[in-house]
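J.: Sequence first, then the predicted structure:
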Number of protein chains: 2
Amino acid sequence: MEPGRLIDITDPGDVRIAEFISIRERDLTGRQGQFIAEGTVVLSMLAKAHAGAGPVKAEKLLLLKNRVAGLSDLLAQFSEDVPVYVADAAVLDAVVGFHLHRGVLALGSRTAPPDLAALIGALPDDALVLVGCGISNHDNIGSLFRNAAGFTADAVLLDETCCDPLYRKALRVSVGSVLAVPYARQGAAQDVLGSLAEAGFEIWALSPAGTVEIDTITPGRRVALVMGTEGEGLPPVILDHFLSARIAQAPGLDSLNVGTASGIALYNIARAMGRLG
Amino acid sequence: MEPGRLIDITDPGDVRIAEFISIRERDLTGRQGQFIAEGTVVLSMLAKAHAGAGPVKAEKLLLLKNRVAGLSDLLAQFSEDVPVYVADAAVLDAVVGFHLHRGVLALGSRTAPPDLAALIGALPDDALVLVGCGISNHDNIGSLFRNAAGFTADAVLLDETCCDPLYRKALRVSVGSVLAVPYARQGAAQDVLGSLAEAGFEIWALSPAGTVEIDTITPGRRVALVMGTEGEGLPPVILDHFLSARIAQAPGLDSLNVGTASGIALYNIARAMGRLG
């Protein structure tokens, strides 16, 4: 890339990079429509999304000066109107509020997630979706998206009590999949599932108390897998109203991590649907 | 429990609780044979291990004063020779060096992990073991143990380049399974696998480049599943010398999280071995 595009930052208080100040704390504020991408893997997903016609755009980059040379191919994927700010380690650490050893940050934005009905309406005839209910842990939300992408889910539908997948840590754990997999975060769990049922989806709620073992299911053409929280699990009102599946495990143990459970469920159902070759 | 057993701590520098000072930093030093257990779930696993004849013992507990009443059943499981120190939040936070909102800590100890040969020699005729090679991330080590316990693995074998599963965070992510599942951490990966092969184990190395899809395997009576790191994966020398299995996923994506991959592999193989009902 042409050196002229790099903008030196020497003052941690420079207003041009104000969005990166104390990102750990600001993470928690959920700034509407904006997000922080961290690390080269997520930056690479941001570059792809930015180049597309979708809702995600890159606003600006902030890099450790000595990382720039190694990132030239990746930086070239961003259009010229995306400013690339660079700083040395002392300035960068002073901006973000901790030692950022990876040295790769970006500010992105996305338009509001689509209306739930519109997203469901746009799904193909053969579809697999992952539904999260009450998932408030950022790592777990990130894992859901990583596994959804890995196992060809068409969308992730989060109820209104799930945390925002654009949080920095969720985005990082998802290895950027939050920027690629269509999703909505809207409505009560029962309303989300009701809309899916109306759209012809076979709805499998995952629970240790589920009635059908996950690897014995012969799925239809449209399937929704529903994940609840690790502690409480899905509420009885959901387990009673829809099909329920379990993942057999050793007796007497704490349930599986929700990310792992989603991976096992998605893999088995996607295989049974013939989506994984 | 009888109130007389509780020992008040009012000075963060009290030598009786010195092992809990700045646990985040000390975490990294890997004190030989001792470990910090955090939270009620891990404490509960420690209580079970302590009551048994195994290598794990509880040395002392340190609790937030207002947690004691709610933990009386759990505390009663520890023998009387385990001191229970209690402190208020200000003292506790000053000891550990950060805000410990859960307020439940214990110091445990275990004798050295068994010799690898002895551990392999003690495995039953029908056996499933999980092998980790080069897993240096504490969360991933914890996930391996959680999934090993959840899917009835008889042991976890770690090569010498894996991190110590007794690290506070690995232990927490494992929900205490590190205290329950037999393990060894010894030797080069190839030597570990060589010993397993000699003991009649069918060895399946997991890799995106594996030749057999994991859900098509008809396993023998003794199976070892081998996990490498997420970035590099298992070295060619291992993939070339042993059977290799893959988990199909969408093309062009970053590989699965190693914890999730281990869960999918263990579930499918344990099911195929008839170990999960």
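T.: Looks like it came in fine.
J.: Do a quick rundown of the helices in chain A.
T.: Under the criterion DSSP state H, chain A contains helices at A:23-26, A:40-51, A:72-75, A:89-96, A:116-121, A:138-150, A:168-173, A:189-198, A:236-241, A:258-272.
J.: and residue A:50, what is it in contact with?
T.: Residue A:50 is in contact with A:56-58, A:77-79, A:82, A:108, counting by Cβ atoms under 8 Å, 6 or more residues apart in numbering or on different chains. To be clear about C-beta, it is placed using only N, CA and C from the backbone, and glycine gets the same treatment.
J.: Can you flag the buried ones in the residues you listed?
T.: Taking 16 or more other Cβ atoms under 10 Å in any protein chain shown as the criterion, what is buried in those is A:56-58, A:78, A:82, A:108.
J.: Looking at those, which is nearest chain B?
T.: The closest of the buried ones among the contacts of residue A:50 to chain B turns out to be residue A:56 (Cβ to the nearest Cβ; 17.3 Å).
J.: So for the nearest residue to the closest one once chain neighbours are set aside, what's the pLDDT?
T.: Of all residues not flanking residue A:56 in the chain, residue A:49 sits nearest, at 3.8 Å (Cβ to Cβ, 6 or more residues apart in numbering or on different chains). Looking at residue A:49, its pLDDT is 93.
J.: Who are the contact partners of residue A:49?
T.: By Cβ under 8 Å, 6+ apart, the contact list for residue A:49 reads A:56-58, A:108, A:179-180.
J.: Need those in a markdown table (columns: pLDDT and distance to residue B:191).
T.: Converted to a markdown table, the contacts of residue A:49 look like this (pLDDT from 0 to 100; distance: Cβ to Cβ, whole Å):
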| residue | pLDDT | distance to residue B:191 |
| --- | --- | --- |
| A:56 | 92 | 47 |
| A:57 | 93 | 51 |
| A:58 | 95 | 48 |
| A:108 | 93 | 47 |
| A:179 | 94 | 42 |
| A:180 | 93 | 41 |
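J.: Go through the residues you listed and say which is closest to residue A:253.
T.: For the contacts of residue A:49, the residue nearest residue A:253 by Cβ to Cβ is residue A:180; the value is 33.7 Å.
J.: what bridges to residue A:203?
T.: residue A:224 (DSSP bridges).
J.: Number of residues surrounding residue A:190?
T.: By the criterion of other Cβ atoms under 10 Å in any protein chain shown, residue A:190 has 15 neighbours.
J.: Residue A:58 and residue B:128: what is the separation?
T.: Distance, residue A:58 to residue B:128, using Cβ to Cβ, to the nearest Å: 46 Å.
J.: what do you get for residue A:256?
T.: 17 Å.
J.: Just confirm residue A:96 contacts residue A:18, I think it does.
T.: No: with contact defined as Cβ atoms under 8 Å, residue A:96 does not count as touching residue A:18 (11.9 Å).
J.: If you count surrounding residues, which of the two has more?
T.: Neighbours per residue (other Cβ under 10 Å) separate residue A:96 from residue A:18, with residue A:96 holding more: 21 against 10.
J.: where does the stretch 151-277 of chain A dip in pLDDT?
T.: A:254 (pLDDT under 70).
J.: Around chain B, pick out the residues from it.
T.: Neighbours of chain B within the stretch 151-277 of chain A, by Cβ under 8 Å from any Cβ of the partner chain: A:151-152, A:175, A:215, A:247-250, A:253-254, A:256-257, A:259-261, A:263-264, A:267-268, A:271, A:276-277.
J.: now those residues: which count as buried?
T.: A:151-152, A:175, A:215, A:247-249, A:253-254, A:256-257, A:259-261, A:263-264, A:267-268, A:271, A:276.
J.: So which residue is dead centre in chain A?
T.: residue A:178 (2.9 Å; Cα atoms, centre = their mean).
J.: Please list all residues in contact with the nearest residue to it once chain neighbours are set aside.
T.: Computed as Cβ to Cβ, 6+ apart, the closest residue to residue A:178 that is not its neighbour in sequence is residue A:165, at 4.5 Å. Residue A:165 makes contact with A:141-142, A:145, A:156, A:158, A:171, A:174, A:178, A:183, A:185 under the criterion Cβ under 8 Å, 6+ apart.
J.: Residue A:5 now?
T.: Neighbouring residues of residue A:5 by Cβ under 8 Å, 6+ apart: A:80, A:83-84.
J.: which one of the residues you listed is nearest residue A:104?
T.: residue A:84 (11.1 Å).
J.: Residue A:7 is in contact with the closest one, correct?
T.: Yes: at 6.7 Å, residue A:84 counts as touching residue A:7 under the criterion of Cβ under 8 Å.
J.: can you pull the contacts of residue A:247?
T.: A:206, A:208, A:213-214, A:256, A:261, A:264-265, B:267.
J.: And for residue A:221?
T.: Here residue A:221 is in contact with A:125-127, A:273 (criterion: Cβ under 8 Å, 6+ apart).
J.: Not counting sequence-adjacent ones, nearest residue to whatever residue of the stretch 101-250 of chain A ends up closest to chain B?
T.: Residue of the stretch 101-250 of chain A nearest chain B, by Cβ to the nearest Cβ: residue A:248 (3.9 Å). Once flanking residues are discounted, residue A:248 sits nearest to residue B:276: 3.9 Å by Cβ to Cβ, 6+ apart.
J.: What of residue A:270?
T.: The spatial neighbour of residue A:270 that comes closest, neighbours along the chain excluded (Cβ to Cβ, 6+ apart), is residue A:151 at 4.5 Å.
J.: likewise residue A:16?
T.: Nearest non-adjacent residue to residue A:16 (Cβ to Cβ, 6+ apart): residue A:85, at 6.6 Å.
J.: surely that neighbour meets residue A:19?
T.: No: applying Cβ under 8 Å as the test, residue A:85 and residue A:19 come out as separate, 10.7 Å apart.
J.: Which neighbours do those two have in common?
T.: Common neighbours of residue A:85 and residue A:19 (Cβ under 8 Å, 6+ apart) are residue A:60.
J.: just checking, what packs against the longest strand along chain A?
T.: As assigned by DSSP state E, the longest strand anywhere in chain A is strand A:56-64. Helices and strands touching strand A:56-64, by 3 or more Cβ pairs under 8 Å, 6 or more residues apart in numbering or on different chains; DSSP states H and E, are helix A:40-51, strand A:84-87, helix A:89-96, strand A:104-110.
J.: per the record, what domains does chain A have?
T.: Structural domains of chain A, as assigned by automatic domain parsing, span the residue ranges A:3-110, A:116-272.
J.: Quick check: which of the ones you listed has the most neighbours on average?
T.: domain A:116-272 (a mean of 21; mean count of other Cβ atoms under 10 Å in any protein chain shown).
J.: now that one, how far from the chain's geometric center?
T.: Relative to the centre of its chain, domain A:116-272 is centred 13 Å away, using Cα atoms, centre = their mean, to the nearest Å.
J.: so what's the residue nearest to residue A:133 when sequence neighbours are not counted up against?
T.: Closest residue to residue A:133 apart from its sequence neighbours, by Cβ to Cβ, 6+ apart: residue A:189 at 4.1 Å. By Cβ under 8 Å, 6+ apart, residue A:189 lies in contact with A:131, A:133-134, A:159, A:161, A:226, A:234-235, A:238.
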